[in-house]
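Peer 1: Mind looking at a prediction? Sequence and model below.
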Amino acid sequence: MDACMKPSPYELFPPEVPIVFEKVEMILVPVILSSAVKIRRNCYFSNMILDAHNIKNWDSHSIKSKWQSSLYLMENAALSLSQIIHENYRNKNLVILCGSGNNGGDGYALARMLFKVGCRVDVISVLDPKRGSNECNSNYQKLLEIGAPISQRNEWSPAKLNPKTIIVDCIFGTGLNRPLEGELLAFIQEINDLPNYKIAVDLPSGMLADEYRQPGVVFKADKTFTLQCFKRCFLNRENLLYTGEISMVDIGLSKDFKPSHIEGRLITDSYLKNMLSKRNVNSEKRDFGSCLIIGGAKGMAGAVIMAGKAAWRSGCGLLMICADEDNRQIIQAALPEAMFISFEELTLETIQKARSIVIGPGLGKSQKAKELLITTLENAPENIVVDADAINIYSSLEEPPKLPRKSIITPHKRELERLIGPTHGYEDLLNKQKAFSKFHGVILVSKGPYTQITDNLGCLLVNTSGNASLAKGGTGDVLAGIIGGLLCFVPKNISAAALGVYIHGKAADEWVKSGSDGSLSPLDLINLIPTLLKT
Ligand SMILES: NC(=O)C1=CN([C@@H]2O[C@H](COP(=O)(O)OP(=O)(O)OC[C@H]3O[C@@H](n4cnc5c(N)ncnc54)[C@H](OP(=O)(O)O)[C@@H]3O)[C@@H](O)[C@H]2O)[C@@H](O)CC1
Ligand SMILES: Nc1ncnc2c1ncn2[C@@H]1O[C@H](COP(=O)(O)OP(=O)(O)O)[C@@H](O)[C@H]1O
Ligand SMILES: [K+]
């Protein structure tokens, strides 16, 4: 059995049960969160990442146990979609491209609902609905009955489309089982060349739901509204080129479905809510432990200052910065909350007494840095974050010391490859990342869009917060500091890592609501931590 199916790994990850909100089925509240993966509030959705087989089984299970007919389920899916599209694009002209399977059925049902509320929709039958699924044909007939405009693909010329019209792709979804060919392939290519804004329903057509690497031509969406759960293929960040931003939409699948295989789980808002609790009235600073940050070589004080501020804001009780003696004054001026010790003053006792350690921000790669890393790894408690140069040094050691069990390593892509060796494509990268985590018994946080965390039990957690404003120097130092701060009081390291990446991304999501995405400073993230951690 796959490790992800055993109950134990996800016991480490408290919100293992899909998040259940009060409102399901027909009731949707029109709020979309701003994040890399947007999840509609007040919807039931699952944090499971599934393959096409399990999604299909979940649909069938829900039809049997809840909806009685797949047409009812499709109606609900289309209702949810129509509400989102109406909210966001009601003043635009839309053209909906429909296939002949159930994705096409979604498209015809969606068109009917939008048409009824006065939206300007044109529908193109890309494949013959009469030769398709019953649900598709039935929704095609219903649309005909209300007099909505439907054209056949060969009657329609994409080149004549107004560039302001939004193209909605309902040609293929999870049922696609081979790459596109012939006329369909040429059609999608022609659409991709158009400047129009494009939306995909469930999956961009041409994308194989289970494949990390897409072998053929795929519809290039600016936005994908995916139904109910995150698909396996979305895990490869390269596929963002086709999906654009991904939003998850509740279509009312039943909550009691047990998949035979889970690829991984998403880290979402509920995680934040489940993990935070108020401090006891009689708390004292020692209850929250001290965080020791080791880094800040000459000229690199900023990295430890940012990590230190982030750790402080994330709740550690005491803070100690260990950096190059030359940086003493600047660090003490910038961070009076912290105690300062120089590299030379660092003792084994200080290392052993710290509740948590962050090593790496601005550490450099000098001989001294190397010695500090080895001593720290050999003596540290398990609550340690190994970041930035500490990862680079570790990767270059011929005989590296053992990493403390459950330590948290936070590489970006290049650092990850230094650590696990060169990789060939996403599948290879994920396998090697998982193997490294298992072999060393550590938590690997592979940073980037959808930061992906693997643990010692072989599980995969995928972050849903964050955006491209984070692609800036110094944001990684802030993340290391946040996790270091959380490690002082969050009971499980995997939880601290997951919570840390979520808060970090969420701060960036909050930032882009008011600031431009290019203007974020790492310090802005730190200023947003207090409100995000409010229980
Ligand atoms: N009740 C439900 O289950 C619900 C499902 N829902 C929706 O259904 C979607 C899944 O629907 P689906 O399974 O009908 O598959 P879909 O992607 O529409 O098309 C498959 C068709 O394409 C064909 N085909 C495959 N590859 C091809 C190729 N390269 N070139 C040409 N043809 C190709 C294949 O036929 P084949 O040729 O293999 O016999 C088949 O006929 C899902 O994404 C969601 O949107 C929601 O409404 C919720 C309720
Ligand atoms: N396009 C993106 N979308 C979401 N998050 C991103 C993106 N680019 C970078 N990030 C996040 O920003 C942080 C950058 O960390 P890192 O590369 O270590 O920066 P630095 O070393 O400059 O501090 C990581 O948390 C990463 O997940
Ligand atoms: K689609």
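Peer 2: Received it, and whenever you're ready, just let me know what you need. Numbering: from 1, shown residues only. Ligands and ions are numbered 1, 2, ... in the order given.
Peer 1: List the residues that contact the residue lying closest to Tyr89 once chain neighbours are set aside.
Peer 2: In space, Tyr89 comes closest to Ile166 once its chain neighbours are excluded; the distance is 5.7 Å by C-beta to C-beta, 6 or more residues apart in numbering. (Each C-beta comes from the backbone N, C-alpha and C, glycine too.) Counting by C-beta atoms under 8 Å, 6 or more residues apart in numbering, Ile166 touches 89, 92-95, 196-199.
Peer 1: Please tell me the pLDDT value assigned to Ile166.
Peer 2: With respect to pLDDT, Ile166 scores 98.
Peer 1: who does it bridge with?
Peer 2: Leu94 (DSSP bridges).
Peer 1: still on that earlier bit, just put the contacts of Ile166 in CSV and tack on neighbour count.
Peer 2: Listed next are those as CSV, based on neighbours: other C-beta atoms under 10 Å:
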residue, neighbour count
Tyr89, 17
Lys92, 14
Asn93, 15
Leu94, 21
Val95, 23
Asn196, 17
Tyr197, 17
Lys198, 21
Ile199, 26
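Peer 1: What is the longest helix of this structure by residue count?
Peer 2: The longest helix of the chain (DSSP state H) is helix 493-514.
Peer 1: CA atoms only: put that one into PDB for me.
Peer 2: The C-alpha coordinates for helix 493-514 follow below in PDB (Å, rounded to 0.1, in the frame of the first residue of the first chain):
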ATOM      1  CA  ASN A 493       8.000  19.700  12.500                       C
ATOM      2  CA  ILE A 494       5.900  18.800   9.400                       C
ATOM      3  CA  SER A 495       3.200  21.100  10.800                       C
ATOM      4  CA  ALA A 496       5.600  24.000  11.300                       C
ATOM      5  CA  ALA A 497       6.900  23.600   7.800                       C
ATOM      6  CA  ALA A 498       3.400  23.400   6.300                       C
ATOM      7  CA  LEU A 499       2.100  26.300   8.400                       C
ATOM      8  CA  GLY A 500       5.200  28.300   7.700                       C
ATOM      9  CA  VAL A 501       5.000  28.100   3.900                       C
ATOM     10  CA  TYR A 502       1.200  28.800   4.000                       C
ATOM     11  CA  ILE A 503       1.600  31.900   6.100                       C
ATOM     12  CA  HIS A 504       4.500  33.100   4.000                       C
ATOM     13  CA  GLY A 505       2.500  32.700   0.800                       C
ATOM     14  CA  LYS A 506      -0.700  34.100   2.400                       C
ATOM     15  CA  ALA A 507       1.200  37.300   3.400                       C
ATOM     16  CA  ALA A 508       2.200  37.700  -0.300                       C
ATOM     17  CA  ASP A 509      -1.500  37.100  -1.300                       C
ATOM     18  CA  GLU A 510      -2.500  39.800   1.200                       C
ATOM     19  CA  TRP A 511       0.100  42.100  -0.200                       C
ATOM     20  CA  VAL A 512      -1.000  41.900  -3.800                       C
ATOM     21  CA  LYS A 513      -4.500  42.900  -2.800                       C
ATOM     22  CA  SER A 514      -3.300  46.400  -2.200                       C
END
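Peer 1: which bits of the protein sit near ligand 2?
Peer 2: 36, 388, 412, 447-449, 451, 466-468, 470-471, 473-477, 479, 504 (C-beta under 6 Å from any ligand atom).
Peer 1: Counting neighbours, which of the residues you listed end up buried?
Peer 2: Buried residues within the residues of the chain next to ligand 2, counting neighbours by 16 or more other C-beta atoms under 10 Å: 36, 388, 412, 447, 449, 451, 466-467, 470, 474-477, 479, 504.
Peer 1: Widest-spaced pair of those?
Peer 2: Ala36 and Ala388 (22.5 Å; C-beta to C-beta).
Peer 1: How about Leu144: what's its closest non-neighbour residue?
Peer 2: Ile150 (6.6 Å).
Peer 1: Leaving out chain neighbours, which residue sits closest to Asn76?
Peer 2: What sits nearest to Asn76 in space, not counting adjacent residues and going by C-beta to C-beta, 6+ apart, is Gly252, at 4.6 Å.
Peer 1: Could you give the backbone dihedrals for that neighbour?
Peer 2: For Gly252, the backbone dihedrals (degrees, to the nearest 10) come out as phi 90, psi 30.
Peer 1: What of Thr174?
Peer 2: phi -70, psi -10.
Peer 1: quick revisit: in terms of contact, does the residue nearest to Leu144 touch Asn139 like I think?
Peer 2: No. Between Ile150 and Asn139 there is no contact under C-beta atoms under 8 Å: 11.2 Å.
Peer 1: circling back to that earlier point, quickly name whichever of the buried ones among the residues of the chain next to ligand 2 is closest to Phe230.
Peer 2: The closest of these to Phe230 turns out to be Ala36 (C-beta to C-beta; 11.2 Å).
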